[in-house]
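In: Give me the fold of what follows.
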Amino acid sequence: MIALVAALLVAGARAESPAVEGAELAIPEPSATQAALITALSPRDGGAPCASLGGISPKPVEDLTWVAVNITMPPWVGMRAAECLISDHHAAALPTLRTWVTDPQLEGFGILVLTKLDALPLATAKELATLALAQGPDVEKARKRIARSKVPEIQALSGLPAK
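Out: Now for the predicted structure:
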């Protein structure tokens, strides 16, 4: 049953994702573990909490990253997977988080990272904020998000006055 639900979600993502005219967007088939994560994250209201996903995957960073990047429909599945990476696996997922705050094609994930800076260890948050300001796709947007931080050390990186 889990495989069927995941297959339907992947098929929906293929059908709904923008593609070059005449070309089909190729989304790789999820592994059994990834399919289980997709199913757990799929309920519209209140998918499984991040802490409960640890028992599903022996490689949570790899599998949650795969789900975040590959499953676009329903949209909350990928974003919930990204939130779990940020909140529960930030140390192991740091290379991915760095990419998200600098890659223009992953700007939505970068925005999510910047909105979650206050929940990260200070050193990690400062590193990601600094990277977004130096190499991010939209420095002014990053600056405004960083300025919203409630942590003075992070907020100060924005160069904007505290609110």
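In: wait, K126 sits on L157?
Out: Yes: between K126 and L157 there is a contact under CB atoms under 8 Å: 6.5 Å. All C-beta spots, glycine's among them, are computed from the backbone N, C-alpha and C.
In: Now do the same for E16: its pLDDT.
Out: For E16, the pLDDT comes out at 46.
In: ok, now L25?
Out: We note a pLDDT of 58 for L25 in this prediction.
In: burial measure for R143, as a count.
Out: As a burial measure, R143 scores 18 neighbours (other CB atoms under 10 Å).
In: Can you pull out the residues in contact with the host helix or strand of it?
Out: Element membership for R143, per DSSP states H and E: helix 139-147. For helix 139-147, contacts defined as CB atoms under 8 Å, 6 or more residues apart in numbering pick out 101, 110-111, 114-115, 117, 129, 132-133, 136, 154-155, 157-160, 162-163.
In: Show the buried residues in those residues.
Out: 101, 110-111, 114, 117, 129, 132-133, 136, 154-155, 157-158 (16 or more other CB atoms under 10 Å).
In: Show me the two of those that sit farthest apart.
Out: G110 and Q155 (18.1 Å; CB to CB).
In: All the helices of this protein, residue numbers only.
Out: 2-16, 32-41, 60-70, 75-88, 94-102, 107-115, 122-135, 139-147, 152-155 (DSSP state H).
In: Which positions in stretch 83-92 come out as buried?
Out: Neighbour-count burial for stretch 83-92, counted by 16+ other CB under 10 Å, picks out 83-86, 88-90.
In: let me fix that: stretch 50-68
Out: In stretch 50-68, counting by 16+ other CB under 10 Å, buried: 50, 53, 56-57, 60-68.
In: now, which of the residues you listed sits nearest E29?
Out: Each of the buried residues of stretch 50-68 was scored against E29 by CB to CB, and W66 proved nearest at 10.8 Å.
In: For the closest one, give me its contacts.
Out: So W66 contacts 30, 34 (CB under 8 Å, 6+ apart).
In: Can you tell me how far it is from A123?
Out: 27 Å (CB to CB, to the nearest Å).
In: check contacts around A93.
Out: Here A93 is in contact with 61, 64-65, 85-86 (CB under 8 Å, 6+ apart).
In: Dump those to a markdown table, plus pLDDT.
Out: A markdown table is the format used below for the contacts of A93 (pLDDT from 0 to 100):
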| residue | pLDDT |
| --- | --- |
| V61 | 94 |
| L64 | 94 |
| T65 | 95 |
| L85 | 94 |
| I86 | 96 |
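In: I'd like those as TSV, with distance to S149 appended.
Out: Listed next are the contacts of A93 as TSV, based on distance: CB to CB, whole Å:
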residue	distance to S149
V61	25
L64	24
T65	25
L85	20
I86	15
